[in-house]
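[1] give me the fold of what follows.
(2 chains)
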Amino acid sequence: MVDRTAEGHKAKPYTLLIEHGKVAEFIEAIGADPEDYNFNGEIIVPATYLTTSFFWERRVEGANPLEAVKQDPSKALHAEQEYTFFGPPPVAGTKLTCQGRVDRMWEKTSKSGKTLLFVDIVTDYHDETGALVAEGKMTIVEPQ
Amino acid sequence: MTTKWNNITEGAEIEPYTYGPISQTDIVRYQGASGDFQPVHHDTDYAREAGLDGPIVIGMLPAAILTINPTRQFGAENCRKTGIRWRGSLVPGDTLTFHGSVTKKYQEGAENRIDITLSGMNQNNQEVIQGWMTFVVPV
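    Below is the predicted model of the structure:
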């Protein structure tokens, strides 16, 4: 049973180190040309690279905001994903502090009359100077 | 060489990009790179127990492929937003083709920006993913 009081829950922060080898592996795995991410000798991460932060999130107890929502993982679907960058996307070598929260929960009725519960999980990514460099928004939908 | 501001018009097409047929190895390689080892994308027994015919493609793989051509055209350093909405699933053997266009050319503060919308179709011309991206464009 989903916990509607989870809206607003802030999870524990965790650290994501953007490693050169991991970025190179990611670029190869999507079939892109590494040259397209080479900028003045730095490697810019691909636009969806911050999805790798889940690896780091799993290693810190209390860092996954979704735990508070108590969804049924066999029914919940990843419906949308969005990344916003407040300047150029980060480069390899950057250390980010990441913190996720349950930003919004709302219901919609599907065309077939079913109640669908939507959850927005927002993660803020700050660099070592404390500047907000990116925001990730994951929308999950679960039929009720 | 990325496209310059004066050479961009609203409605301009993004060069189509085709990927596939998607192999099970493509999926496993992406899962390793991303760190998401959800078994429904590579374990046939697990996928069948979940009521599927077999493994389905991990959604974040087409989400990443969608960004390749716009990134090449407008520069990785200029990307300010990328969003994806999944409309259907893909299975190994499927081929994906992305089409897109510049939907808006505008100024925000001192920056020149463009919005792009993209659509990913399978080999049967069914839309399986929608995307949107924003880039700043140097003059």
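
[2] okay, CA-based contacts and neighbour counts for the rest of this
    Fine.

[3] so A:G93 touches A:L16, yeah?
    No. Taking contacts as C-alpha atoms under 8 Å, A:G93 lies outside contact range of A:L16: 10.2 Å.

[4] between the two, who's got more neighbours?
    A:L16 (21 against 14; other C-alpha atoms under 10 Å in any protein chain shown).

[5] that one should be in a strand, yeah?
    Yes. Judged by DSSP: H, G, I helix; E, B strand; the rest coil, A:L16 forms part of a strand.

[6] distance check, it against A:V45.
    In this view, A:L16 and A:V45 are 13 Å apart by C-alpha to C-alpha, to the nearest Å.

[7] please apply the same query to B:D43.
    B:D43 is 29 Å from A:V45, where distance means C-alpha to C-alpha.

[8] get me the contact residues on chain A for chain B.
    A:22, A:25-26, A:29-32, A:36-37, A:39, A:44-49, A:51-52, A:54-55, A:79-89 (C-alpha under 8 Å from any C-alpha of the partner chain).

[9] out of those, list just those in strands.
    Counted as lying in strands by DSSP state E, out of those, are A:F39, A:A79, A:E80, A:Q81, A:E82, A:Y83, A:T84, A:F85.

[10] name the nearest residue to the most centrally placed residue in chain B, ignoring sequence neighbours.
    Centroid-nearest residue in chain B: B:L66, 1.8 Å away (criterion: C-alpha atoms, centre = their mean). Nearest in space to B:L66, with sequence neighbours left out and distances taken as C-alpha to C-alpha, 6 or more residues apart in numbering or on different chains, is B:F98 at 6.6 Å.

[11] among the residues of chain A next to chain B, name the buried ones.
    For those, a burial check counting by 16 or more other C-alpha atoms under 10 Å in any protein chain shown picks out A:22, A:25-26, A:29-30, A:32, A:36-37, A:44-49, A:51-52, A:79-85, A:88-89.

[12] what's the longest strand that chain B contains packed up against?
    Secondary structure of chain B per DSSP E: the longest strand is strand B:96-108. Applying 3 or more C-alpha pairs under 8 Å, 6 or more residues apart in numbering or on different chains; DSSP states H and E, we find strand B:96-108 packed against strand B:13-19, strand B:111-121.

[13] give the next helix or strand downstream of the last one.
    In the C-terminal direction, the helix or strand that comes right after strand B:111-121 (DSSP states H and E) is strand B:127-136.

[14] listing partners with orientation, what would you give for that next one?
    strand B:79-86 (antiparallel), strand B:111-121 (antiparallel) (DSSP bridges).

[15] what sits against residue 92?
    Using chain A here. With contact taken as C-alpha atoms under 8 Å, 6 or more residues apart in numbering or on different chains, A:A92 is in contact with A:I18, A:E19, A:H20, A:V23, A:E42, A:I43, A:I44, A:V45.

[16] switch to chain B, that's the one I care about
    Contacts of B:P92 (C-alpha under 8 Å, 6+ apart): B:P21, B:I22, B:S23, B:Q24, B:P55, B:I56, B:V57.

[17] try it again with 10 Å
    Shown in contact with B:P92 (C-alpha atoms under 10 Å, 6 or more residues apart in numbering or on different chains): B:20-27, B:41-42, B:54-57.
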